[in-house]
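[1] Turn this into a model:
(one chain, ligands or ions: 1)
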Amino acid sequence: MTVLTIRQGALSFGERTLWRSLDLDVQPGEFVAVLGANGSGKTSLLRAILGQQKLDSGTIELGGQPVHRGDRRIGYIPQQRLIAPGTPLRGRDLVTLGINGHRFGLPFTSSTDRRRADAAIAAVGATAYADQPMGALSGGEQQRLRVAQATASDPLLLLADEPLTSLDLAHQRGVAELLDQQRTQTSTAVIFVTHDINPVLSMVDRVLYLAQGRFTVGTPDEVLRSEVLSSLYGTDVEVFRRGGRVFVAGAAEAGHH
Ligand SMILES: Nc1ncnc2c1ncn2[C@@H]1O[C@H](COP(=O)(O)OP(=O)(O)OP(=O)(O)O)[C@@H](O)[C@H]1O
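    So this is what the prediction gives:
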């Protein structure tokens, strides 16, 4: 069954059209990277899928039903905001909320939920610091715990907004591999917003590229080409490949006009 179906999605703010006529189907276990310049509407797309942002027109369905706020079938790793230094919430509490947050108000955590939290924490390699207050952890440590929170309930769909920001290279690879494992083991589909596709290039099934109120979608080889991106941006954009990595030149400048 298709995980996510967007039909003729359109969103604008004032005069500015972020995207329109957006059609997208995401299958179980699929890894979709969302690329585009600053302000092209990547985060807004995730918010629309989460039911937090109403479309101007079009529909978004998750597992064949309209999306709604707080849908437990979606895991979300928001764009990183550092947690304030004094925050007493422990990493373990955060991860446990990802598992039983919808049963809020229960006086204690069941042993099953505790075991799931332990497993999710171990999977991101955060066992050593999961009992410290979040506010006392580094940005990268916090980020791994947020990944654990978003994946602990084995969601149908995982939305990740620049989840590798503030991680060093080794941890970037670690977190990317975790998301990859999640989708192969539990068929969670992943929508991954990023400015740099290279750390996840080998995992990406399809790219959704947003620009100038328009979009293009296809495999990385289909989309990441000079002629395709030049046509999308309406100006010269060059795509280079070096040592298995992809570089896009000219798009950032084009995105500001
Ligand atoms: N609720 C809102 N009201 C008005 N404008 C908004 C609202 N939400 C987003 N925007 C505008 O829509 C545009 C797209 O924002 P969005 O955060 O989706 O972009 P993005 O592609 O995620 O950007 P970045 O790469 O910088 O994170 C921005 O210009 C933003 O100011």
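
[2] any weak-confidence spans in the stretch 101-250 of the chain?
    Within the stretch 101-250 of the chain, the segments meeting pLDDT under 70 span 102-108.

[3] So which residues of it form strands?
    For the stretch 101-250 of the chain, the strands defined by DSSP state E, counting those that start in this stretch cover 157-161, 189-193, 206-211, 214-218, 238-242, 245-249.

[4] Tabulate these (CSV), appending mean neighbour count.
    Heads up, the C-betas are built off the backbone N, CA and C, glycines and all. Formatted as CSV, those follow (neighbours: other CB atoms under 10 Å):
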stretch, mean neighbour count
strand 157-161, 24
strand 189-193, 24
strand 206-211, 22
strand 214-218, 18
strand 238-242, 12
strand 245-249, 15
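
[5] can you map out the helices along the stretch 51-200 of the chain?
    Along the stretch 51-200 of the chain, the segments classed as helices by DSSP state H, counting those that start in this stretch run 91-100, 111-123, 139-151, 169-186.

[6] just how off-centre is the second one within its chain?
    Same thing as helix 111-123. In terms of CA atoms, centre = their mean, to the nearest Å, the centre of helix 111-123 is set 22 Å apart from its chain centre.

[7] Could you do the third one as well?
    The chain centroid and the centroid of helix 139-151 are separated by 13 Å, computed with CA atoms, centre = their mean.

[8] and the direction of that helix versus that of strand 157-161, what angle?
    Interaxial angle, helix 139-151 versus strand 157-161 (axes from the mean of the first three to the mean of the last three CA atoms, to 10 degrees): 160 degrees.

[9] Give me the contacts around helix 139-151.
    Applying CB atoms under 8 Å, 6 or more residues apart in numbering, the contact partners of helix 139-151 are 75-78, 80, 82-83, 91, 94-95, 97-98, 117, 120-121, 123-126, 129-130, 134, 137, 158, 160, 163, 165-168, 171, 174-175, 178-179, 182, 188.
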